[in-house]
Structure formats: structure tokens, C-alpha cells
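Student: The following block contains a protein sequence and its predicted model.
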Amino acid sequence: QVQLVESGGGLVQAGGSLRLSCAASGRALKDYNGAWFRQAPGKEREFVADIRWSGLTYYADFVKGRFTISRDNGKNTVYLQMNSLKPEDTAVYYCAAGTSPRITTMAAYDYWGQGTPVTVSS
């Protein structure tokens, strides 16, 4: 079992930055792929970014060039650096971990955090 706890969300003005953290416990995160999803009010949860256990990264088109996913296996933590934030980035951001070779689909991840809210004001 892997427990995931997100932190770092908050209120930021458009154009600003935030760094989200996802701390894992229970198992070594280095054995898992890590990902971030988000869910805006009234919308379905959507894929944001993924980092494989190997270090390869994948991004949704709407965050390419603005967001960066990274991991520190020594700290058992996955990060999401979010720059140039837009009001449409407002959502609850969820961390996930899994071992499936699939990417972007929620079913590919076995463990989920409770989410951290991000609000971007215009």
C-alpha cells in the first residue's frame, strides 16, 4: 500500500507560480510511476502530467511549457512546478501512483491522494 499526501495548493494571481508536492509513505515511490490529475468544478478529472519510474515525463498539451513534473526518490516525493498560471488552471489537483505502462487514464494508477486546491485569480 502507498499513501499519498498532497500539499502546496493555494490562491495565486494569474501569471504566478505554485509548486505542489506529493509525499508518499508505505512503499518506496521509486518503484512507481507518479502522476498529477486535476478536477475543476463541474468537470471530470483530467490528466496533467506523468513521470515514469525511469524519469521519462509526459504532459497534457494544455500544460506543456508551463508545468514541470519531477521526483525526488530520496524524499519519496513527486512535485509539480506550475508557472504562468491561468484562471482555467483552477482545480483540485490530485497525485497518483501506479505501475501500469498506460498513461493519462485514471485506471492506470492504483493509489490516490486526497487532493490540494489551486485557485488562480484573474
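Tutor: Done, it's in.
Student: mind checking pLDDT for residue 40?
Tutor: Residue 40 carries a pLDDT value of 97.
Student: What of the one 5 residues further on?
Tutor: At residue 45, the predicted lDDT confidence score is 97.
Student: Quick check: it touching residue 39?
Tutor: Yes: using C-beta atoms under 8 Å, residue 45 is in contact with residue 39, at 4.2 Å. Yep, even glycine has a C-beta here, placed from its N, CA and C like the rest.
Student: Need the residues touching each of the two.
Tutor: residue 94 (C-beta atoms under 8 Å, 6 or more residues apart in numbering).
Student: Strands of this structure, residue ranges please.
Tutor: 3-7, 10-13, 18-25, 33-39, 46-51, 57-59, 67-72, 77-82, 91-98, 111-112, 116-121 (DSSP state E).
Student: So which elements touch the second one?
Tutor: Think strand 10-13. strand 116-121 (3 or more C-beta pairs under 8 Å, 6 or more residues apart in numbering; DSSP states H and E).
Student: The strand it packs on: partners in the sheet, and parallel or antiparallel?
Tutor: strand 10-13 (parallel), strand 91-98 (antiparallel) (DSSP bridges).
Student: looking at the ones you listed, which is buried most?
Tutor: Comparing the strands paired with strand 116-121 by mean neighbour count (mean count of other C-beta atoms under 10 Å), strand 91-98 comes out on top with a mean of 23.
Student: Could you export the strands paired with strand 116-121 as a markdown table, including mean pLDDT and distance to residue 114?
Tutor: Below are these laid out as a markdown table (pLDDT from 0 to 100; distance: least, C-beta to C-beta, whole Å):
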| stretch | mean pLDDT | distance to residue 114 |
| --- | --- | --- |
| strand 10-13 | 98 | 16 |
| strand 91-98 | 98 | 8 |
